[in-house]
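*Asks:* Next come a sequence and a model predicted from it.
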Amino acid sequence: GGEKTIVNLASLIISNPEILLLDEPTNHLDIDTLEWFEQFLSNYKGTIIISSHDRYFLDKVATKTILIDKGKADVYHGNYSYYLEESERRALAEFDEYKTQQKQIEAMKAAVKKLKEWGERGDNPRFFRRAACIERKLEKMEMLDRPESKKQLPLDFEINGRSGKDVLVAKDLGIIAGDKILLDGADLYLKYGEKVCLMGKNGTGKSTFVKAVLGNEDSICQGEIKLGSNVSIGYIPQEIRFEDENATVLETSRKFYEGTETYLRASLAKFLFYGQNVFKRVGTLSGGEKVRLKLFELIQKKANLLILDEPTNHIDIDTKEILEEALSEYRGTLFFISHDRYFINKLGNYSLNLCFANSSNSLNIPNYLFKGEFLLKTNELSNISPSRAARKSPKVKVTHNTSVFNFTNDSKDDYIQSCWDEVSLKKE
């Protein structure tokens with residue numbers, strides 16, 4: 001996904017247009033490329049119109065924010081952080097204005113009622129004329145709509161029984177894609193309740209590794225992957241497809257929902273599939289709609305291990321925030337791939353960073369490094385033939401506290417042992 005995005009961006013940049021129109025340009029981009037892209041756009045001399053839900057990206061690049069909602073466009077003269085503050089101020093002002101008008105309307109209606117009563121008691125038409133005058137003012141008054149609160153998706157990821165302590169164990173793992181070595185001799189230990197982010201540049205094999213965990217053994221050339229006891233997996237892929245793309249939302253949901261159609265329709269409505277929307281073909285759904293439907297499926301499954309491959313692509317910021325809150329309260333194990341820096345900061349206990357072995361550049365992520373213990377290592381590639389080793393083979397860089405470590409053959413084993421000693425001491 002990221003490599004396709006890079007090619008599309010490169011073709012745009014080479015043409016050097018006066019106006020750049022970018023629709024979700026950060027989807028699938030790794031953090032290195034994303035930070036370079038932010039710098040490029042900041043220095044760009046032309047006009048840029050961006051549709052994006054990447055909060056850090058908008059803060060870095062945008063100088064004006066336009067919110068399109070309910071057929072209206074509200075303009076904010078600043079970046080995303082400014083928009084948050086100003087939109088909250090406007091919302092409070094609108095609500096105060098609405099309350100003031102409602103009090104005025106109630107007072108005018110009460111005055112009309114009293115004047116009519118006085119007119120009837122005293123048989124005085126003057127009171128009726130005054131009442132009619134107030135009623136005309138009410139009819140001409142421009143009524144303010146009550147400000148609506150944000151629609152909340154009911155995301156509550158329950159689990160149907162916890163798994164064992166060891167959720168996922170990979171030993172001496174080797175993964176290939178075609179003639180390209182993606183991993184060689186990697187070990188991974190994932191414990192129950194951990195929330196782990198797998199990071200890395202585009203093309204290092206993050207999605208391929210996840211597919212291997214899910215049972216695609218064709219890519220495994222050595223080692224093994226074991227799931228712990230009582231592990232049930234819920235999965236959102238990077239590119240969401242359904243078994244039958246011609247099926248409707250309602251037909252697709254029936255396959256995993258236990259309950260009557262009445263309750264199913266009510267549940268789908270909470271995920272913004274209501275009315276005729278439930279008869280949409282799933283193959284024609286937008287990216288955000290597909291994610292919402294997949295989240296609805298995950299909730300029904302009650303899995304104790306969630307594996308999410310770039311889950312925030314295509315969804316709006318409000319939905320992202322709801323998802324972040326739901327996953328932070330999730331009692332199971334979370335293993336996810338993401339380049340969304342805000343999302344990573346919110347959820348990750350620690351990160352595992354894949355990079356190419358012959359790359360001299362460390363990933364610079366000063367604001368979104370994670371706490372955590374050393375849990376991923378790469379064995380030496382001594383058993384690989386020279387022809388295989390010559391290829392661009394990724395190794396694993398380990399993000400540990402606030403530093404990124406590059407291991408040499410001499411120092412790697414010593415460092416691994418020292419990390420395990422440190423973990424053992426903490427546990428004692």
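*Replies:* Alright, I've got the coordinates. The model shown is predicted, which means the values in this text are computed figures rather than measured ones.

*Asks:* Excluding chain neighbours, give the residue nearest to residue 125 in space.
*Replies:* residue 119 (6.9 Å; Cβ to Cβ, 6 or more residues apart in numbering). For the C-beta atoms, the positions are set from N, CA and C on the backbone; glycine is no exception.

*Asks:* contact partners of the host helix or strand of residue 250?
*Replies:* Here residue 250, judged by DSSP states H and E, is contained in helix 249-254. With Cβ atoms under 8 Å, 6 or more residues apart in numbering as the test, helix 249-254 has contacts from 242-244, 261, 264-265, 268, 273, 277-280, 282, 285, 293, 296-297.

*Asks:* In the protein, what helix or strand scores lowest on average pLDDT?
*Replies:* strand 403-405 (a mean of 28; mean pLDDT, DSSP states H and E).

*Asks:* Distance of the residue nearest the centre of the chain relative to residue 194?
*Replies:* Centroid-nearest residue in the chain: residue 312, 2.2 Å away (criterion: Cα atoms, centre = their mean). In this structure, residue 312 and residue 194 are 20 Å apart, going by Cβ to Cβ, to the nearest Å.

*Asks:* how about the strands in the stretch 101-250 of the chain?
*Replies:* Using DSSP state E, counting those that start in this stretch, the strands of the stretch 101-250 of the chain run over residues 166-177, 180-191, 195-200, 220-227, 233-236.

*Asks:* In TSV: these, plus mean neighbour count, distance to residue 209 and mean pLDDT.
*Replies:* Converted to TSV, the strands of the stretch 101-250 of the chain look like this (neighbours: other Cβ atoms under 10 Å; distance: least, Cβ to Cβ, whole Å; pLDDT from 0 to 100):
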stretch	mean neighbour count	distance to residue 209	mean pLDDT
strand 166-177	19	6	85
strand 180-191	21	7	80
strand 195-200	24	7	85
strand 220-227	15	9	84
strand 233-236	20	13	92
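
*Asks:* Residue 347 is nearest to which of the ones you listed?
*Replies:* Residue 347 sits nearest to strand 195-200 of all those, at 5.3 Å, using Cβ to Cβ.

*Asks:* I'd like to know how many residues surround the residue nearest to residue 125.
*Replies:* 17 (other Cβ atoms under 10 Å).

*Asks:* cool, residue 322 as well?
*Replies:* For residue 322, using other Cβ under 10 Å, the count is 19.

*Asks:* same thing with residue 7?
*Replies:* 10.

*Asks:* Would you pull up how far the host helix or strand of it lies from the middle of the chain?
*Replies:* In this assignment (DSSP H and E), residue 7 forms part of helix 2-15. Put simply, helix 2-15 sits 23 Å off its chain's centre (Cα atoms, centre = their mean, to the nearest Å).

*Asks:* Same check on stretch 237-248?
*Replies:* Taking mean C-alpha positions (Cα atoms, centre = their mean), stretch 237-248 and its chain are 19 Å apart.

*Asks:* For it, give me every contacting residue.
*Replies:* Contact with stretch 237-248 is made by 1, 28, 207, 251-252, 255, 278-283, 287, 290-291, 294, 309-310, 313, 337, as judged by Cβ under 8 Å, 6+ apart.

*Asks:* With stretch 44-60 instead?
*Replies:* With Cβ under 8 Å, 6+ apart as the test, stretch 44-60 has contacts from 17-26, 34, 38, 41-42, 61-62, 65, 79-81, 312, 315-317, 320, 340-342.

*Asks:* Just the CA trace of it, in CSV.
*Replies:* Output of stretch 44-60 as CSV, limited to C-alpha atoms (Å, rounded to 0.1, in the frame of the first residue of the first chain):
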residue,chain,number,x,y,z
TYR,A,44,6.0,24.1,-1.3
LYS,A,45,5.4,27.4,-3.0
GLY,A,46,2.1,26.6,-4.7
THR,A,47,-1.4,26.0,-3.3
ILE,A,48,-2.2,22.8,-1.6
ILE,A,49,-5.7,21.4,-0.9
ILE,A,50,-5.7,18.4,1.3
SER,A,51,-8.4,16.0,2.5
SER,A,52,-6.9,14.2,5.5
HIS,A,53,-7.7,12.8,8.9
ASP,A,54,-4.0,12.6,10.1
ARG,A,55,-3.9,14.9,13.1
TYR,A,56,-0.1,15.3,13.3
PHE,A,57,0.1,15.8,9.6
LEU,A,58,-2.5,18.5,9.6
ASP,A,59,-0.8,20.3,12.5
LYS,A,60,2.5,20.4,10.5
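
*Asks:* Okay, buried residues for that stretch please.
*Replies:* 48, 50, 52, 53, 54, 55, 56, 57, 58, 59, 60 (16 or more other Cβ atoms under 10 Å).

*Asks:* Which members of the residues you listed are positioned in helices?
*Replies:* Per DSSP state H, helices hold the following members of these: 55, 56, 57, 58, 59, 60.

*Asks:* what ranges do the helices span in the stretch 201-350 of the chain?
*Replies:* With DSSP state H, counting those that start in this stretch as the definition, the stretch 201-350 of the chain shows helices at residue ranges 206-213, 249-254, 261-270, 287-301, 317-328, 341-347.

*Asks:* Out of the ones you listed, which gets nearest to residue 143?
*Replies:* helix 317-328 (26.6 Å).

*Asks:* for that closest one, the distance to its chain's centre please.
*Replies:* Distance, centroid of helix 317-328 to centroid of chain: 7 Å (Cα atoms, centre = their mean).

*Asks:* Can you show me the CA trace of it as PDB?
*Replies:* Extracted C-alpha coordinates of helix 317-328, given in PDB (Å, rounded to 0.1, in the frame of the first residue of the first chain):
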ATOM      1  CA  ILE A 317     -11.000  11.800  13.300                       C
ATOM      2  CA  ASP A 318     -14.100  11.300  15.500                       C
ATOM      3  CA  THR A 319     -14.200   7.600  14.700                       C
ATOM      4  CA  LYS A 320     -10.400   7.400  15.400                       C
ATOM      5  CA  GLU A 321     -10.900   8.900  18.800                       C
ATOM      6  CA  ILE A 322     -13.700   6.500  19.600                       C
ATOM      7  CA  LEU A 323     -11.600   3.500  18.400                       C
ATOM      8  CA  GLU A 324      -8.600   4.700  20.500                       C
ATOM      9  CA  GLU A 325     -10.700   4.900  23.600                       C
ATOM     10  CA  ALA A 326     -12.300   1.500  23.000                       C
ATOM     11  CA  LEU A 327      -8.900  -0.200  22.400                       C
ATOM     12  CA  SER A 328      -7.300   1.400  25.400                       C
END
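
*Asks:* Fine, thanks again, bye for now.
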